[in-house]
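Undergrad: Next one to model:
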Amino acid sequence: MENTSAVADFTLGFCVAFCSPPGVLGFSELSFSVEPTDVTASLGERVVLDCQAQGESPVSLRWRRDGVQLQESGGVRVLSNGSLFISSSAPADQGFYQCLAHNRHGAVLSRTSQLTVSDVLSLVTHPVPAEVTLGSVVRFSCAVSGSTPAVISWKLNQRSLPLDSDRITVLPNGVLQICDVTMKDAGNYHCLATNVASRVRSREAKLTIIPASSPRPLMNPHIIAGPQNIGARLHQSVVLECFAEGNPQPLVSWSRADSKPIDASGARVLGNGNLIISAVKAQHSGTYLCRATTPGTHNYTIAAGNLTVLVPPTLVEKPESQTRPRAGTARFSCQAEGTPVPRITWFKNGQVIHSNGRTKMYNNKLVITQIIPEDDAFYQCQAENSQGSVLSTSRLIVVLSEDRPSAPRNVYAETISSSAILLAWEKPQYNADKVIAYSIHYMKSEGLNNEEYQAVIGNDTTSHIVDDLEPARNYTFYIVAYMPMGASRMSEQVTQHTLEDVPLRTPELSLTSRSPTDILVSWKPLPPKLSRGRVSAYRLSYRTATDEQIISAELPVPSPNCIQYILQGLQPDTIYLIRMSVSTRVGWSQPSAWNSHRTPKTSSATVPPAPNLELEPLNCTSVTVRWHLAPSDAVIQGYKLSLHPDGQSEDSVLQLPPHDHQHTVTGLNPRVRYHVKLLAFSANGEGYQAHQMVNTPGCPSAPNRRLAALPPPDHIHAKANSSSAVRLGWGRPAFSSGKAVSYSVRYGPVSPSDASTVHYVQTSEQTVTVTGLRPNTRYEFAVRLHMDQMSSPWSTSVYQRTLLEAPWSPPLSVRVSLIEDDAALVSWKQPDQPDLSVTHYTVLYASQSSGLAGDWQVLQREGTITMALLEKLVSGNIYLVKISASNPAGDGPFSSTVELRLRSKRNTGTPSIDGLKHIDETSMSGIIAGVCIALSFIILCVFILLTKSKAHYYLFFLFLFIYLFIYLLLFFLFFLLIFYYFLFFFILFYFILFYFILFYFILFYFQGGTNLMINQTGPVMSDAQNKRKKWSVFNNNQKSNGNKGEVSNRSVFIAGVLILCIEVTFSL
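TA: Okay, the predicted model is just below:
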């Protein structure tokens, strides 16, 4: 029926479109060139929501908030370009905004924009006092609520908590974990939550450490805090906590319940077992198992948590614009994907459509029958869930014609079988010779919003067999005649009932035992599509697994609520096989497959009863299991759940906590029958088991394409040339016509913000380069073939994302706020660049002197985070901060430098010599070398002076030259190594040493005057000199004669020559 309907739709559209007068197909475009986007504003901040429409003038714009038309006021007004201006944002301005564009052809709605006003943070969870034993673990939690994210930090006794230890972990969600606690961990803890709007502090919680009087006893692993069921937005970072204790400390590992591998590229372990998944994707959804194991043993415990990735809606099938004649039928189809499942809403000229006699909605389709001129309008499909909304626009043009045939007459229907009805009629009374086709319309008579089907046949017959109908159903039929200039009115309606048939399938059985000697068999009534008539009886057959004798019980159906039967008098601890057959008045269905169930063992202990089980397939790969227990005296300790395909044995059993009454099993195969078994257990043992079967449905396939005379182009391929251009190519279909052909290319962005913007390009080539695209945007392309006023259906869509564009503008509104004496919060906004994807931000900060020297501290934050905490700042400094945005295409420019001035602290303690703290080994080695060289020179000088040798004088000057050379060498060495602290001391020391040696030499070797007297016979000593005690060292065996007035033996006299002999006495 679906294919028949599709053929009819295309055929009628083709006929009317190309037989109508010229100019009829001039679709008047009305679309948005700029749509509002989500905005987060601070309290009192100005807000502008942009909106610009294009189309046939004049175009007027109006705004709606939460679906109600917005009234302008002093603080809220619409600008001349259509944008909405809010002068001072307040909490009352929060909501969902839409722009409505209107011209003479109709109206269209823009995408939904959410305005969020940052409010003051409030703490919803405060840390509570704790008392733990030395060496154990402790956990504090802190949670806040607010419209914008917050950074949470912890303090111990009013001081920042050191996070450089492996024992201490702070999770992004505000949880503080401390392992192997010591006495230093005792004290008062509190958390601080900060965002751009406010900063709040929690109450203090005291941690008391109890000293261990003896070694800690061995303890099995115990999970203090396991993973929770989390719903996370797409690309958000997720924390799955797993904090375990035991003695010895257990090892924590992670796995998925569906045995799929965890994506290692985006996952990491934080602390002692917490799983962090960065930028979650749809494939990350599933149940995660945290396992804590005692090292070297098989002793472990497991905790489970379900992660659901919330995905904004996307349209996988969009409604297409149509041209239909008056009295015709128009069908618009819209299919969307997302998590949660999107809700489809239809709009006509911006107003919500409600079902009435001619307009019906079912299965996300909009059907308009008996079209009238007032149906000429813009129709929009909106898919919406908690993560956003997406819109797609189409147009219905109604073609009017006065020369129409009358309606077909005397319509007659006759039942042929349980799935076929014969329909016959007479030709119209007027203009019957101009009829080119008949359209048969039919739908189920019972129920609301039933889908209407359509079949088109030629004008050479006035009868048709409609098949593929459901048995035991009433159907309503009417017929419309078509001619080139339009359609007739609908004929009179007739109703006919199909015959019953044997049931198509048996119901799924649920098997439980209330005692060791009975089995409760229950089932749900078959839907009409499967029962194919009224069920008159059920037949239950059962036997033991070891016995071939079959026992049957036939159960008449006095009412539709006959859905259970108890098999009694059975043997305990025995496997029974059970199956069922169903009958209508026509006959019995095929029996179901055998289902096995073991009756419980006989026991005097009180065990939990069997749970009441309810199974619901969520989709083709997931099943939700719900249960509840009847009141009993047993204390439930947990549940055991197993699920396996039909024909396979149980492979694993999942243990669930006692407070759970629902669990979702994912990763199943479509169209497979599964056995689900559940039991409760207590201290007395396992309880009675509930056993039920469920069939997973088939996954939805792509909608069938309409058939047409011309085949669509094939081998469509696309390649991105740049961030704004995509090259598209395709092949010409294989048909034997040499006529000229042309192509239409349809393209538009897939993203929710631009889903209503669709553009077209005409070409006669088989390649085209589409330009003017947005960077990093996923586009959908389709191609249609035209020949001889005929058109093919659109080809299969291909998708291509334009290349990423590097940021060319810096982040905006960079602000630095001091929140502590040594900490500051930096916040900023995304660069003002359309369709920019930012993977991370780089924050550079440094003191003013370090910044000028190029010594910057670097922080990096994910692209979804627009704040950072600067810590360990030094008081009295001026800090410079600048930020840039980056993505895989490159790094953007840095923002303007923002200054932060920190106040100086007054020092009240004893001053210290800071320079001494910076003496390193190299500097000390230089000082020691200098001192050693100086001392060696002093010793050498003393040696030379005492020897009084002429050669030693020369040696003295040689060493003096070497001294100056080494002095200059060490001077430049210290200068090049920039030993500023020691250069001054080095110069001072060597200058003092140099002048000391020079002064000594001049004093003793070059002093003026002598006590010698010289006569013609030579030098003569005076009496005073002779009386003086002389001391000479190394006199070369020459001694004084000791006589007064005698000439020294060392004296030299030559007649006529004045000889000056100087003797210097070194006395000690």
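Undergrad: Could you use CA atoms for every contact and neighbour count after this?
TA: Fine.
Undergrad: Tell me which residues touch the one residue sitting closest to the centre of the chain, please.
TA: Residue closest to the average C-alpha location in the chain (Cα atoms, centre = their mean): H235, at 1.3 Å. The contact partners of H235, taken as Cα atoms under 8 Å, 6 or more residues apart in numbering, are 278-281.
Undergrad: can you list those residues in a markdown table and add pLDDT, neighbour count and distance to H675?
TA: What follows is these, written out as a markdown table (pLDDT from 0 to 100; neighbours: other Cα atoms under 10 Å; distance: Cα to Cα, whole Å):
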| residue | pLDDT | neighbour count | distance to H675 |
| --- | --- | --- | --- |
| S278 | 86 | 16 | 36 |
| A279 | 86 | 17 | 36 |
| V280 | 89 | 23 | 32 |
| K281 | 88 | 19 | 30 |
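Undergrad: What strand or helix carries the residue nearest to the centre of the chain?
TA: Remark: H235 resides in no helix or strand, with elements defined by DSSP states H and E.
Undergrad: gap between it and E337?
TA: Look at H235 and E337: by Cα to Cα, to the nearest Å, they are 17 Å apart.
Undergrad: surely P600 meets I575?
TA: No - applying Cα atoms under 8 Å as the test, P600 and I575 come out as separate, 9.6 Å apart.
Undergrad: Just give me the closest of the contacts of H235 to V138.
TA: When the contacts of H235 are compared for distance to V138 (Cα to Cα), S278 wins out at 26.2 Å.
Undergrad: That closest one contacts Q236, correct?
TA: Yes - counting by Cα under 8 Å, S278 touches Q236, with 6.6 Å between them.
Undergrad: will you turn the contacts of H235 into JSON lines that also has secondary structure?
TA: Shown next, in JSON lines, are those (DSSP: H, G, I helix; E, B strand; the rest coil):
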{"residue": "S278", "secondary structure": "coil"}
{"residue": "A279", "secondary structure": "coil"}
{"residue": "V280", "secondary structure": "coil"}
{"residue": "K281", "secondary structure": "coil"}
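Undergrad: Give me the number of neighbouring residues for the spatially closest residue to A257 that is not a sequence neighbour.
TA: Distance criterion Cα to Cα, 6 or more residues apart in numbering; nearest residue to A257, sequence neighbours excluded, is T287 at 5.5 Å. T287 has 22 neighbours, counted by other Cα atoms under 10 Å.
Undergrad: Return the strand or helix carrying K206 as PDB; C-alpha atoms alone will do.
TA: Taking DSSP H and E as the criterion, K206 maps to strand 205-210. Presented in PDB, the C-alpha positions along strand 205-210 are these (Å, rounded to 0.1, in the frame of the first residue of the first chain):
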ATOM      1  CA  ALA A 205      32.300  19.700  57.400                       C
ATOM      2  CA  LYS A 206      34.700  18.300  60.000                       C
ATOM      3  CA  LEU A 207      36.800  15.300  59.200                       C
ATOM      4  CA  THR A 208      37.900  13.400  62.300                       C
ATOM      5  CA  ILE A 209      40.600  10.700  62.100                       C
ATOM      6  CA  ILE A 210      40.500   7.900  64.500                       C
END
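Undergrad: Can you report the mean pLDDT over the residues of it?
TA: The pLDDT scores in strand 205-210 average 92.
Undergrad: Which is the succeeding secondary structure element to that strand?
TA: With DSSP H and E setting the assignment, the helix or strand that follows strand 205-210 is strand 219-225.
Undergrad: Run through the neighbouring helices and strands of that following strand.
TA: strand 243-247, strand 286-293, strand 300-317 (3 or more Cα pairs under 8 Å, 6 or more residues apart in numbering; DSSP states H and E).
Undergrad: Count the residues that sit near the nearest residue to P91 once chain neighbours are set aside.
TA: Counting by Cα to Cα, 6+ apart, P91 lies nearest to V117, which is 5.8 Å off, once chain neighbours are set aside. By other Cα under 10 Å, the residues close to V117 number 25.
Undergrad: Surely V117 and S42 touch.
TA: Yes - taking contacts as Cα under 8 Å, V117 lies within contact range of S42: 5.6 Å.
Undergrad: shared neighbours of those two, which are they?
TA: Shared contacts of V117 and S42, counting by Cα under 8 Å, 6+ apart, come down to S89.
Undergrad: ok, back up a step: which neighbours does the strand holding K206 have in its sheet, and in what orientation?
TA: Partners of strand 205-210 in the sheet, by DSSP bridges, are strand 130-133 (parallel), strand 187-194 (antiparallel).
Undergrad: Now do the first one, average pLDDT.
TA: Think strand 130-133. For strand 130-133, mean pLDDT rounds to 90.
Undergrad: Buried residues, that strand. List them.
TA: Neighbour counts using 16 or more other Cα atoms under 10 Å place T133 of strand 130-133 among the buried residues.
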